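Engineer: Test case, fold it:
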Amino acid sequence: MAATALTPDVLAKYEPVIGLEVHVQLLTASKIFCGCSNRFGSEPNTNICPVCLGLPGSLPVLNAKAVEFAVLASLALNCEVRERSIFARKNYFYPDLPKGYQISQYDKPLAEHGWIEVPTADGGTKTGAPSDRSSSLGWKKIGITRVHMEEDAGKSLHDGLPDSATRTYLDLNRCGTPLIEIVSEPDIRTPDEAFEYLTRLKEILLYTAVSDCNMEEGSLRCDANVSVRLKGAERFGTKAEVKNVNSFRFIRAALEYEIKRQIEVIEEGGRVVQETRLWNANEGRTYPMRSKEQAHDYRYFPEPDLPPLIVTPEFLEAARARLPELPEARRKRMIAEYELNPKDAHTLTASREFADRFEAAAKTAKNPRRVANILLSELGGRLHALGLELDQSPVSMAGVVMAADLLDDNKISSKQLKGLFDICFERGEDFPAVYEREKPQQITDSSAIEAMIDEVIAANPKQVEQYRAGKKTVAGFFVGQVMKASKGQANPALLNQLVTKKLDG
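Structural biologist: Purely as a prediction, here's the structure:
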């Protein structure tokens, strides 16, 4: 990037315009136009047949499950699903495209005119959405231009160093994998908005179970189109397409870099070139891949071997009935139903499976909010520190419910709970078994706690003077000393109340 310094005032003159194209592999058992396995990780060139290789005499047959998943995703993204869509041949040459064309959809895609709502710190409409993670955030609709179906190409594997002979190997297992391409409107104005859009898009797709969205395996791939223009201008600037970005975090970083690069070019009197650029995560920069000054002529024409795809009203309604409760709606309901705060609701609904497990536990507990607190703090903190998933936890959801109920009944303190959970993780045992063996008891007898408080007060006259001189925080010292004397068994709420009473008296 050029050496010109970009001051905040210079950056503020410009407005980025960002559009995203997301390719999503559908989680079907077989490919889109043949019966070959759609399983990732097979030996190279083992899941192939004449159809996915486009050999003479082979004919494609559309996978009904792929259509079902594509329609389900389209509905979840608030799109209008066409009753009649057309498959087309997109003609271009690439070594891993054995047919010399890709079966896709062009002017009559499966679905159009959808949207995703994302939180935004500026430029959004402050709707007061109850599941907002911050009351300062507004909400903004990002339009979805289209969702269309297509087949994936194969994969080229390059071997060799830049200064040596490089060999390219072709793995055609991916040929014919069913894809949907989700194209956003150019409504995104900041890298943070792009990050939020992709995060919520992935959540929705995972909730509908149409894809595993595994970016490392290529199940979800994103290309970003970005340009800049002076604020207030109506015409878009010249865009660059950024490819080869394998995480949402890197997409945000690539957009931040590319926006500054384009502004520098313009500020120095240059002209932004329409091109495809690649992101280098190690260097933290984009660099040119190929020019796109001339639009590629894909010579689209209707696929002669496939009839129009007809989505009947009955098929559409059946798909709509299979739609799960989507993340934002679930957060809103859980906040109201379980009295959760927005941050906890967001964490609990990050995955459908996690939300299902929490709700199943919450329905059997005396206090669902306490279940959420234990799940996210005591259990979640330990699992995160150890790099474990929920399935690997020694404490079951039934154990979490039991712990929450014991806390709610004042039969154990939060400190005792921590100790019991420590034992669970040290020994790999579930909470009920550890509790029955250890059986910690809370002291709830007021006279017994008062006697301990009296002893601590008598032994610490200096701290008593400090308290009565106005340093009220010293009360915490007395609470800690009594808790230590009681070996953590004094009821915390009662102890705090009695300490204050004694000191004030």
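Engineer: Phi and psi next, for the nearest residue to residue 14 once chain neighbours are set aside.
Structural biologist: Using CB to CB, 6 or more residues apart in numbering and skipping the chain neighbours, the partner closest in space to residue 14 is residue 228 (4.7 Å). C-beta here means a position set from N, CA and C on the backbone, and glycine is covered the same way. The phi/psi pair for residue 228 (degrees, to the nearest 10) reads phi -130, psi 150.
Engineer: Repeat that for residue 81.
Structural biologist: Dihedral pair for residue 81: phi -90, psi 130, per degrees, to the nearest 10.
Engineer: my read: the residue nearest to residue 14 touches residue 13, true?
Structural biologist: No - when contacts are counted by CB atoms under 8 Å, residue 228 is not listed as touching residue 13 (9.5 Å).
Engineer: who's more crowded, the two?
Structural biologist: When residue 228 and residue 13 are compared for neighbours, residue 228 comes out ahead with 27 against 14, by other CB atoms under 10 Å.
Engineer: who touches residue 223 in this structure?
Structural biologist: 20-21, 241-243, 245 (CB atoms under 8 Å, 6 or more residues apart in numbering).
Engineer: Now with 6 Å, please.
Structural biologist: Residue 223 makes contacts with 21, 241, 243, as judged by CB atoms under 6 Å, 6 or more residues apart in numbering.
Engineer: what residue ranges in the stretch 401-505 of the chain score low on pLDDT?
Structural biologist: The model of the stretch 401-505 of the chain has pLDDT under 70 over residues 441-445, 487.
Engineer: how about the helices of it, start to end?
Structural biologist: In the stretch 401-505 of the chain, the segments counted as helices under DSSP state H, counting those that start in this stretch are 414-427, 431-438, 446-459, 461-468, 475-485, 492-504.
Engineer: Export those helices to TSV and append columns for distance to residue 190 and mean neighbour count.
Structural biologist: Shown next, in TSV, are the helices of the stretch 401-505 of the chain (distance: least, CB to CB, whole Å; neighbours: other CB atoms under 10 Å):
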stretch	distance to residue 190	mean neighbour count
helix 414-427	41	17
helix 431-438	44	16
helix 446-459	55	15
helix 461-468	51	14
helix 475-485	44	17
helix 492-504	45	16
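Engineer: Redo those helices as a markdown table? Include distance to residue 171.
Structural biologist: Compiled in a markdown table, the helices of the stretch 401-505 of the chain are given as follows (distance: least, CB to CB, whole Å):
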| stretch | distance to residue 171 |
| --- | --- |
| helix 414-427 | 42 |
| helix 431-438 | 47 |
| helix 446-459 | 70 |
| helix 461-468 | 72 |
| helix 475-485 | 63 |
| helix 492-504 | 61 |
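Engineer: how about those helices, which one is nearest residue 299?
Structural biologist: Ranking these by proximity to residue 299 (CB to CB) places helix 414-427 first, at 61.7 Å.
Engineer: CA atoms only for the closest one - export them in PDB, please.
Structural biologist: C-alpha atoms of helix 414-427 as PDB (Å, rounded to 0.1, in the frame of the first residue of the first chain):
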ATOM      1  CA  SER A 414     -21.800 -20.300  45.100                       C
ATOM      2  CA  LYS A 415     -18.400 -20.900  46.700                       C
ATOM      3  CA  GLN A 416     -19.400 -24.500  47.500                       C
ATOM      4  CA  LEU A 417     -20.700 -24.900  44.000                       C
ATOM      5  CA  LYS A 418     -17.300 -23.900  42.600                       C
ATOM      6  CA  GLY A 419     -15.600 -26.400  44.800                       C
ATOM      7  CA  LEU A 420     -17.900 -29.200  43.700                       C
ATOM      8  CA  PHE A 421     -17.500 -28.400  40.100                       C
ATOM      9  CA  ASP A 422     -13.700 -28.400  40.600                       C
ATOM     10  CA  ILE A 423     -13.900 -31.900  41.900                       C
ATOM     11  CA  CYS A 424     -16.200 -33.000  39.000                       C
ATOM     12  CA  PHE A 425     -13.600 -31.800  36.500                       C
ATOM     13  CA  GLU A 426     -10.600 -33.200  38.400                       C
ATOM     14  CA  ARG A 427     -12.100 -36.600  38.700                       C
END
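Engineer: what's the spacing between that helix and its chain's center?
Structural biologist: Centroid separation for helix 414-427 versus its chain: 31 Å, with CA atoms, centre = their mean, to the nearest Å.
Engineer: Contact partners for the residue nearest to residue 152 when sequence neighbours are not counted?
Structural biologist: Spatial nearest neighbour of residue 152, excluding adjacent residues (CB to CB, 6+ apart): residue 177 at 3.9 Å. Residues near residue 177 by CB under 6 Å, 6+ apart: 25, 31, 38, 152.
Engineer: run the last query once more with 10 Å
Structural biologist: Contact analysis of residue 177 by CB atoms under 10 Å, 6 or more residues apart in numbering lists 25-26, 28, 30-32, 36, 38, 40, 47, 52, 66, 150-154, 218-219.
Engineer: Could you chop this protein up by domain?
Structural biologist: 8-296, 325-438, 446-504 (automatic domain parsing).
Engineer: any chance of those in CSV, with distance to residue 305 too?
Structural biologist: Shown next, in CSV, are the domains of the chain (distance: least, CB to CB, whole Å):
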stretch, distance to residue 305
domain 8-296, 5
domain 325-438, 36
domain 446-504, 73
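Engineer: Quick one, which of the ones you listed gets closest to residue 302.
Structural biologist: In terms of CB to CB, the element of these nearest to residue 302 is domain 8-296, at 5.6 Å.
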